[in-house]
Every structure is written in C-alpha cells, then in structure tokens.
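> got a predicted model here, sequence first, then my questions.
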Amino acid sequence: MEAIRTLHVRSSGTWSPRHVVSEDGAPLGVLAVRRNRWGLVVSAEYRPEKGEVLLVRRDPGLLRAQFSIWTEGREWLGSSLRWSLLRRHVELWTSGKPYRLVPLPGLRRGWRLVASKTGEVARFDHGLAGRTARIELYRKTDLEMVLFAFFLGTLGLVESAFPTTLETTSGSDGTPAASEA
C-alpha cells in the first residue's frame with residue numbers, strides 16, 4: 001500500500017520525552033510527555049507550529065492506555081482503553097469511528113492504526129534506538145488521532161517488538177482478522 005503522507009519524529013529525553021514531529025523537513029509541532037514523581041505517564045501536550053494545542057490526560061482507572069485527548073478549548077476528540085494486560089492491542093474511539101492500535105507484524109518495533117471498516121490507516125515504524133520514528137498515513141484521517149495513537153504506541157514500544165499473535169494480526173489488505181472482529 002502506498003503512503004499518502006509521511007511524518008518523521010525525532011525524540012529526546014528519557015524521563016519526560018519530547019517528540020518533534022515534522023513533514024518534508026518542516027516542523028509541525030512538539031509532543032511533550034509528563035510523568036508524576038513515581039514515573040507514571042499522566043499527560044502529554046502537543047503544541048503545533050500553527051493551530052490549537054492538544055492535551056492528552058490519563059483517565060482515572062487501573063488499566064493501561066486509559067487516556068483521552070482534548071483540545072485546549074475543552075473539546076473531547078477521543079479516548080483509548082486497553083482491556084487487559086495480556087492483550088497488546090489498544091482500542092481508540094472518536095466521535096466518528098473506532099480504531100485499534102496493534103503491533104506491526106513480525107520482529108519489528110512499531111504499531112499499526114487500523115479502522116474497523118476501512119483497514120490500516122497508519123503505520124508507526126520506530127528505529128532500533130527508539131530516537132526516531134516514521135509515521136506513514138495510508139488513508140485520510142485526523143492528525144489529532146494519529147498523534148494520539150503515536151503517543152499510546154510510545155508507551156508500549158517494547159511490547160511491539162515481539163512477534164504478533166493471531167489476536168493482533170490482520171489480512172494483507174489491512175482488514176481485521178476473525179479474532180479481531
């Protein structure tokens with residue numbers, strides 16, 4: 001499948017990483033992650049070169065990947081939930097359609113963003129050192145959701161390197177497998 005848009009991400013910092021997002025060498029914005037004093041990621045902020053600031057915050061609860069994304073003007077854009085610690089995929093909801101974040105197939109570090117009806121939307125391919133990433137967009141989608149999925153993917157980056165199971169694989173056209181339906 002041919003990418004319609006490619007974004008590049010350069011990361012710095014360990015405790016509170018900053019991810020600089022660019023396209024064709026021009027910076028689009030910075031995603032800054034914040035942790036509490038115990039090391040738990042509690043929020044993030046995407047500050048674009050132009051446009052509205054996006055805020056990601058951890059929702060109350062014990063499950064991982066339980067976050068929501070908001071505009072600075074308090075407009076809800078989406079939420080995420082990882083139903084079980086044993087499952088590696090993360091469910092994302094927007095006002096329009098549901099998405100699923102699943103690991104890349106094989107022994108690779110990264111994630112795929114899959115829409116329930118249209119298949120693979122984006123691919124997040126992280127470098128071996130984890131300091132660079134390439135985001136390939138295959139379908140038209142909101143940049144806000146792509147950045148939200150990238151944020152969630154960076155939280156579980158180590159998990160994405162292990163081979164996928166039937167639970168998280170999809171057909172060659174990007175449609176969810178029977179166990180994903």
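Sure thing, it's come through. Numbering: from 1, shown residues only.
> need the longest helix for this structure.
Using DSSP state H to define each element, the chain has its longest helix at helix 143-155.
> convert the C-alpha atoms of that one to CSV, please.
What follows is helix 143-155, C-alpha atoms only, in CSV (Å, rounded to 0.1, in the frame of the first residue of the first chain):
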residue,chain,number,x,y,z
LEU,A,143,-3.8,14.3,12.5
GLU,A,144,-5.1,14.5,16.1
MET,A,145,-5.9,10.8,16.2
VAL,A,146,-2.6,9.9,14.5
LEU,A,147,-0.7,11.8,17.2
PHE,A,148,-2.8,10.2,19.9
ALA,A,149,-2.1,6.7,18.6
PHE,A,150,1.6,7.6,18.3
PHE,A,151,1.6,8.7,22.0
LEU,A,152,-0.1,5.5,23.1
GLY,A,153,2.3,3.4,20.9
THR,A,154,5.4,5.0,22.6
LEU,A,155,4.1,3.9,26.0
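> what mean pLDDT would you report for it?
Helix 143-155 comes out with an average pLDDT of 91.
> next one: stretch 30-43
The predicted model gives stretch 30-43 an average pLDDT of 91.
> and that stretch, what's buried?
31-33, 41 (16 or more other CB atoms under 10 Å). Any C-beta I mention is one placed from the backbone N, CA and C, and that applies to glycine too.
> coming back round to it: for the longest helix of the chain, which residues meet the burial criterion?
By neighbour count on 16+ other CB under 10 Å, the buried set for helix 143-155 is 143-155.
> narrow the buried residues of stretch 30-43 to those in helices?
Applying DSSP H to the buried residues of stretch 30-43, no entry is found in helices.
> got those as TSV, with distance to residue 124 columns?
Converted to TSV, the buried residues of stretch 30-43 look like this (distance: CB to CB, whole Å):
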residue	distance to residue 124
31	13
32	18
33	15
41	17
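> of these, closest to residue 78?
Taking CB to CB as the measure, residue 31 is the one of the buried residues of stretch 30-43 closest to residue 78, at 15.1 Å.
> was I right to think that closest one contacts residue 46?
Yes: counting by CB atoms under 8 Å, residue 31 touches residue 46, with 4.7 Å between them.
> name the residues contacting each of those two.
Common contact partners of residue 31 and residue 46 (CB atoms under 8 Å, 6 or more residues apart in numbering): residue 147.
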